[in-house]
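Enquirer: My questions are about this predicted structure, shown below with the sequence.
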Amino acid sequence: MLADVTLAVCCNGSIGYDPAAAMMVWQDRLASGTAADLAALLAIELPDARFGAYDGYGWTVCHGYFELRPWRPAGAVAEASVSEVCQIEASALGICHPSLRASDIAAVITSSGVLAGRASVCYSGDDTLDVTPAGVDKGSGLLRAFESLGIDPLEAVGFGDAQNDLPMADVLGSFVAMGNADPSVLAVASDVTSTVAADGVPAWLTAAGMLSLQAAGPACARTPAGGTGLG
């Protein structure tokens with residue numbers, strides 16, 4: 001499906017990627033010092049946590065990061081010291097902990113105030129908390145993409161299953177929850193389709209007359225940072 005994607009909103013909205021041109025249309029980065037201040041907080045409050053930084057091309061992670069997060073992303077990956085990770089000009093950070101869920105990590109960081117006005121937190125699963133520039137999320141990324149493409153967001157439909165998908169519901173005309181979606185996503189969805197594993201996206205689009213059976217294929221298209229494709 002990547003060949004049909006005009007613009008991909010990646011990295012929870014901080015990157016816009018044009019697959020045809022193989023180039024970034026935009027890239028937001030965390031403010032200088034954000035990662036270092038966060039690392040200092042984690043060293044005190046959550047010393048067993050590990051984190052990594054994504055610069056739009058690859059991940060630089062603290063030693064032990066992938067022992068806590070078994071999923072390994074495509075592309076370049078390097079292990080480094082905490083101070084070296086903090087020097088990366090990152091579009092996103094990922095934080096893992098051996099026993100705490102992403103929502104628990106978010107609660108600790110949010111209550112500390114260390115990221116107030118500097119960054120946003122979200123998560124797509126229990127194992128990793130994502131940190132992006134302040135005010136950046138999938139909703140803001142989609143609005144940016146729609147403006148670039150001349151599309152009315154109220155005429156668009158989006159699909160989601162996790163907490164980091166919720167901002168899309170605020171900007172789209174229709175928001176469809178996957179069958180495996182988190183209860184918070186199901187609560188705001190205008191409709192529900194089958195699970196990701198059952199290719200719920202092409203199934204819903206086909207049923208709505210927006211996709212032919214011949215064109216329907218795998219629901220996921222891979223982009224450099226993982227993202228939401230706009231055809």
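Expert: Looks like it arrived, so ask away. Residues are numbered from 1 along each chain as shown.
Enquirer: Enumerate every residue touching A197.
Expert: Applying Cβ atoms under 8 Å, 6 or more residues apart in numbering, one finds that A197 lies in contact with N180. (Glycine included, C-beta is placed from N, CA and C.)
Enquirer: now G141
Expert: G141 touches 9-10, 12-16, 228, counting by Cβ under 8 Å, 6+ apart.
Enquirer: Keeping just the C-alphas, turn the strand or helix carrying it into CSV.
Expert: Using DSSP states H and E, G141 sits in helix 138-149. Output in CSV follows, covering the C-alpha atoms of helix 138-149 (Å, rounded to 0.1, in the frame of the first residue of the first chain):
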residue,chain,number,x,y,z
LYS,A,138,-1.4,12.6,15.3
GLY,A,139,-4.2,15.1,15.1
SER,A,140,-2.0,18.1,14.6
GLY,A,141,0.1,16.1,12.1
LEU,A,142,-3.0,15.2,10.1
LEU,A,143,-4.2,18.8,10.0
ARG,A,144,-0.8,19.8,8.7
ALA,A,145,-0.9,17.1,6.0
PHE,A,146,-4.5,18.0,5.0
GLU,A,147,-3.5,21.7,4.6
SER,A,148,-0.6,20.6,2.4
LEU,A,149,-2.8,18.4,0.3
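Enquirer: rewinding a little: let's have the contacts of G141 in a markdown table, adding distance to V176, neighbour count and secondary structure.
Expert: Conversion of the contacts of G141 to a markdown table gives the following (distance: Cβ to Cβ, whole Å; neighbours: other Cβ atoms under 10 Å; DSSP: H, G, I helix; E, B strand; the rest coil):
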| residue | distance to V176 | neighbour count | secondary structure |
| --- | --- | --- | --- |
| V9 | 17 | 29 | strand |
| C10 | 20 | 25 | strand |
| N12 | 19 | 31 | helix |
| G13 | 19 | 31 | helix |
| S14 | 24 | 27 | coil |
| I15 | 24 | 27 | strand |
| G16 | 22 | 23 | strand |
| T228 | 13 | 22 | strand |
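Enquirer: can you pull out the helices in the chain?
Expert: Using DSSP state H, the helices found in the chain span residues 34-45, 65-68, 82-86, 102-112, 138-149, 166-169, 183-188, 200-207.
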